[in-house]
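**Student:** Sequence first, then the predicted structure:
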Number of protein chains: 2
Amino acid sequence: MAKKTLVGNMLIAQSGGPTAVINQSLVGAVIEAKKHKEIRNIYGSLHGIQGILNEEFINLGRESKGTLEDVANTPSSALGSVRKKPTPEDCQAIFSVLQKYNVRYFFYIGGNDSAETTHIINEEAKKANYDFRCFHICKTVDNDLLENDHTPGFGSAAKFVAMAFMGDNLDNRALPGVKINIIMGRHAGFLTAASALARVHDGDGPHLIYLPERPFDTDRFAKDVQKTYKKYGRCVVAVSEGISDKDGTAIAAKFSKEVDSHGNVQLSGTGALGDLLASEIKAKTDIKRVRADTFGYLQRSFPAIASENDAKEARAVGTLAVRYSVKKHKSGSVAIRRKPGRKYQVFFKRVPLKNVAKETRHMPKEYINKAGNDVTKAFIDYAAPIVGKLPKIGRFKGRAVKKVK
Amino acid sequence: MAKKTLVGNMLIAQSGGPTAVINQSLVGAVIEAKKHKEIRNIYGSLHGIQGILNEEFINLGRESKGTLEDVANTPSSALGSVRKKPTPEDCQAIFSVLQKYNVRYFFYIGGNDSAETTHIINEEAKKANYDFRCFHICKTVDNDLLENDHTPGFGSAAKFVAMAFMGDNLDNRALPGVKINIIMGRHAGFLTAASALARVHDGDGPHLIYLPERPFDTDRFAKDVQKTYKKYGRCVVAVSEGISDKDGTAIAAKFSKEVDSHGNVQLSGTGALGDLLASEIKAKTDIKRVRADTFGYLQRSFPAIASENDAKEARAVGTLAVRYSVKKHKSGSVAIRRKPGRKYQVFFKRVPLKNVAKETRHMPKEYINKAGNDVTKAFIDYAAPIVGKLPKIGRFKGRAVKKVK
């Protein structure tokens, strides 16, 4: 417990892939910080730790309440983001900057890579005997952070995916064929799985769901599609960009040579995987109309359709990180947990930084069907309240007119 | 003028690519038809003229008011669609079905290809001396129908495109690089041009817009991108799927062999064009982060974000087609016209079927800038009221913190 009052400036930054609600966390932290006299200036670093190294800060304490709320409701990282793993030299440089600006409260909003960065910075601070508060604020559309029931950003991205599939299922119903949609998710299939929430009426797609948690076999895939097509006269497929073969090699990695400083291969921002899978179906079946779309960056940054629960929880983790840092803890990450029971209720818990760093979690076994090409009801029960209300989809009763002889 | 009362059944069908509001037209027609005693049964044909040939009809007169309204607010063709140009033999078969079911009121909702089909059916009916009413009800996200100021479906698709660019521009601002987005539009650039509505703050993308109305040159494209990147440190590009080289060959056609019965090459449902353009930028500039997304079918069938004016007008053209057919005219298409003046006001006008069939219109010269890589203010003024209200995008004032020496 950090009982001693620590007075100084605050620095907050955003990292990794943007989300629709990452600014809720930022604004939650800024508004909370304004309430504590221990925190003097509130600085925002532009483009994560890169902005610290370059000493590019903006004064968030001087933003109006109106601007703060407008930004909170705007998708994508308002401070700019970065994909950079600091070297030991970077960390030394970061500390000299933190000391120079008398930064005593540091908050880094991001996923597991960012938690690792935050952890490294905190460890270096301890070594340097520099007294400060260091918090990670969770976000990721992948929903793959350890210690969390789910992560801010996932609910809104999942809502986009579900809505997109609602529309696309109807598009495919109008002009039947095979439609393959590629969804974000490097190692965890949560976002791809959320496509299942689009099912409302009998026969609605997605009819098949392929996740990175199960080895992907193209022959098996073609057989699944052929079988579904025979049954429904059409087939809508949800495929995670991270699907890998039995040896663990990402199918999409065959097309991409780009690797970031965390060792991640570029999967998004290309339609290659969808086109490959479409050509496999064309080659291995007699189905003529085969189309593929890659949802790409739209799913993480689309405005105005954020999940209400997601927005609320994203705000809360930002608020609580600051509150904990002033009142309770020297460091940590604010995790979202769910209370048992039918009614959806969450609570928040500080966990050690190292617990969310590096490692990620995957879809639990009970969320994936035995054949590995769909999700279970347990997943639907898990995901539905996080995503929240979806649009109403009407369908005609469609009483057939008796044929005239 | 059709003064003589014609009593019989009604048949309505949908054709071509779905839109977010095509069911508004369908439901508008059904609700209006229920008011006229001349119209007995109200049949819906499944999958356009294919459903007529197969005699697959549903009884729309028996759908409840609640279901009708739910379907009206649901995207994509609720009766199913088709891409089929009827042969003279098909037309003979169609007439014998129409006569068999005593269909005297026929409505076909679609684009210019569907108007052509409606026109052919009407001409065949005249030849056969079959007394009936034959109307085309316009729709197309491409906004390329002659006689119309704009077409139902365009406003909602344009709103999706504008919203997607609002989010994607912020995503690109957070993680700078070059981002290329491919948008629907075979010959007309209206939908791609609507990306310009995403610009709110200084420096917002799209920074470049390429339309099918201007020859596309990859060297020129790479130079434009490099120049923009130098200025803003990033570049968001809107590209129409229909862009063609100076000889009129679609760039995307190089990757596609599929052709439908109207002679159209498949452009959508593949990420190939975006990936090609991204690799051109990587090869011709020194920019490292280059990404491409293809909006695909999402832009025409995304639920719950339809433009209000678009939904209202789509309902109106369906309603009026039926009203005209009973009270005033034997055939035609209901066109949307705009009243001159500052305030956005439309009116509707029956035009002959042949006027909207076959030919399409393109972006007027005054909507495209001289360099052929952006739109003009005249286009923004034209498109903004059709699209309607867009989400508010917040941005920090971003007062720089003075560097400590």
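**Tutor:** Arrived safely, thanks for sending.

**Student:** Could you point out which residue ranges in the stretch 1-150 of chain A have low pLDDT?
**Tutor:** Segments of the stretch 1-150 of chain A classed as low confidence (criterion: pLDDT under 70) are A:1-3.

**Student:** and it, which residues reach chain B?
**Tutor:** Residues of the stretch 1-150 of chain A lying near chain B by CB under 8 Å from any CB of the partner chain: A:14, A:17-18, A:20, A:23, A:41, A:43-44, A:47, A:55-60, A:62-64, A:67, A:69-83, A:100-101. Any C-beta I mention is one placed from the backbone N, CA and C, and that applies to glycine too.

**Student:** go again using 7 Å as the cut-off
**Tutor:** Within the stretch 1-150 of chain A, the residues that sit near chain B (CB under 7 Å from any CB of the partner chain) are A:18, A:43, A:55, A:57-59, A:62-63, A:67, A:70-71, A:73-78, A:80-81, A:100-101.

**Student:** could you show me where the strands are in the stretch 301-405 of chain A, in order?
**Tutor:** Secondary structure of the stretch 301-405 of chain A (DSSP state E, counting those that start in this stretch): strands at A:331-338, A:346-351.

**Student:** Pick the most deeply packed of these.
**Tutor:** Comparing the strands of the stretch 301-405 of chain A by mean neighbour count (mean count of other CB atoms under 10 Å in any protein chain shown), strand A:331-338 ranks first with a mean of 22.

**Student:** Isn't A:Val239 up against A:Ile180?
**Tutor:** Yes - taking CB atoms under 7 Å as the contact criterion, A:Val239 and A:Ile180 are neighbours in contact, 6.0 Å apart.

**Student:** Could you tell me which residues touch both of the two?
**Tutor:** Both A:Val239 and A:Ile180 are contacted by A:Leu277, under the criterion CB atoms under 7 Å, 6 or more residues apart in numbering or on different chains.

**Student:** quick revisit: quick one, which of the residues of the stretch 1-150 of chain A next to chain B are buried?
**Tutor:** Among the residues of the stretch 1-150 of chain A next to chain B, the ones that count as buried by 16 or more other CB atoms under 10 Å in any protein chain shown are A:18, A:43, A:57-59, A:63, A:67, A:70-71, A:73-78, A:80-81, A:101.

**Student:** now, which of the residues you listed lie within strands?
**Tutor:** The subset of those located in strands under the criterion DSSP state E comprises A:43, A:57-59.

**Student:** from those, which is closest to A:Ile305?
**Tutor:** Minimum distance to A:Ile305 across these is 28.0 Å, recorded for A:Ile58 (CB to CB).

**Student:** Check whether that closest one really touches A:Gly44, as I assumed.
**Tutor:** Yes - using CB under 7 Å, A:Ile58 is in contact with A:Gly44, at 4.9 Å.

**Student:** Got phi/psi on A:Val103?
**Tutor:** Summarising the backbone geometry of A:Val103 under the convention degrees, to the nearest 10, its torsions are phi -80, psi 120.

**Student:** part of a strand, is A:Lys141?
**Tutor:** Just so we're on the same page, residue A:141 is Val rather than Lys. No - membership of A:Val141 in a strand is not supported by DSSP: H, G, I helix; E, B strand; the rest coil, which gives coil.

**Student:** can you tell me how far it sits from A:Ile368?
**Tutor:** Between A:Val141 and A:Ile368 the distance, using CB to CB, to the nearest Å, works out to 19 Å.

**Student:** shaky segments in the stretch 151-300 of chain A?
**Tutor:** Where the stretch 151-300 of chain A drops to pLDDT under 70, the residues are A:254-269.

**Student:** where does it come near chain B, residue by residue?
**Tutor:** So far as CB under 7 Å from any CB goes, the stretch 151-300 of chain A lies against chain B at A:163-164, A:166-168, A:170-171, A:173-175, A:269-272, A:274-275, A:291-294, A:296-298.

**Student:** May I see the domains of chain A written out as residue ranges?
**Tutor:** Using automatic domain parsing, the domain parsing of chain A gives A:8-152+A:304-356, A:158-302+A:362-387.

**Student:** Distance from the chain centre to the longest one, please.
**Tutor:** In terms of CA atoms, centre = their mean, to the nearest Å, the centre of domain A:8-152+A:304-356 is found 15 Å from the chain centre.

**Student:** Could you give the separation between the terminal residues of that domain?
**Tutor:** The straight-line separation of the ends of domain A:8-152+A:304-356 (CA to CA, to the nearest Å) is 27 Å.

**Student:** Please name the residues that touch the residue of the stretch 51-200 of chain A found nearest chain B.
**Tutor:** Among residues of the stretch 51-200 of chain A, the one nearest chain B by CB to the nearest CB turns out to be A:Asp70. It sits 2.8 Å away. With CB under 7 Å, 6+ apart as the criterion, the residues that contact A:Asp70 are B:392, B:394.

**Student:** rerun at 6 Å
**Tutor:** Shown in contact with A:Asp70 (CB atoms under 6 Å, 6 or more residues apart in numbering or on different chains): B:Gly394.

**Student:** What's the separation between it and A:Ser64?
**Tutor:** Counting by CB to CB, the gap from A:Asp70 to A:Ser64 is 9 Å.

**Student:** Ok, A:Lys100 next?
**Tutor:** With distances defined as CB to CB, the gap from A:Lys100 to A:Ser64 amounts to 28 Å.

**Student:** for A:Lys392, same thing?
**Tutor:** Summarising the geometry, the distance separating A:Lys392 from A:Ser64, computed by CB to CB, is 37 Å.

**Student:** neighbour-wise, which of these two wins?
**Tutor:** Neighbours per residue (other CB atoms under 10 Å in any protein chain shown) separate A:Lys392 from A:Ser64, with A:Lys392 holding more: 13 against 10.

**Student:** and the gap between the nearest residue to the more buried one once chain neighbours are set aside and A:Gln226?
**Tutor:** Using CB to CB, 6 or more residues apart in numbering or on different chains and skipping residues adjacent in sequence, the residue nearest A:Lys392 is B:Asp70, 6.0 Å away. If you measure B:Asp70 against A:Gln226 using CB to CB, the figure is 33 Å.

**Student:** what's the answer for A:Arg133, then?
**Tutor:** Taking CB to CB as the measure, A:Arg133 falls 58 Å from A:Gln226.
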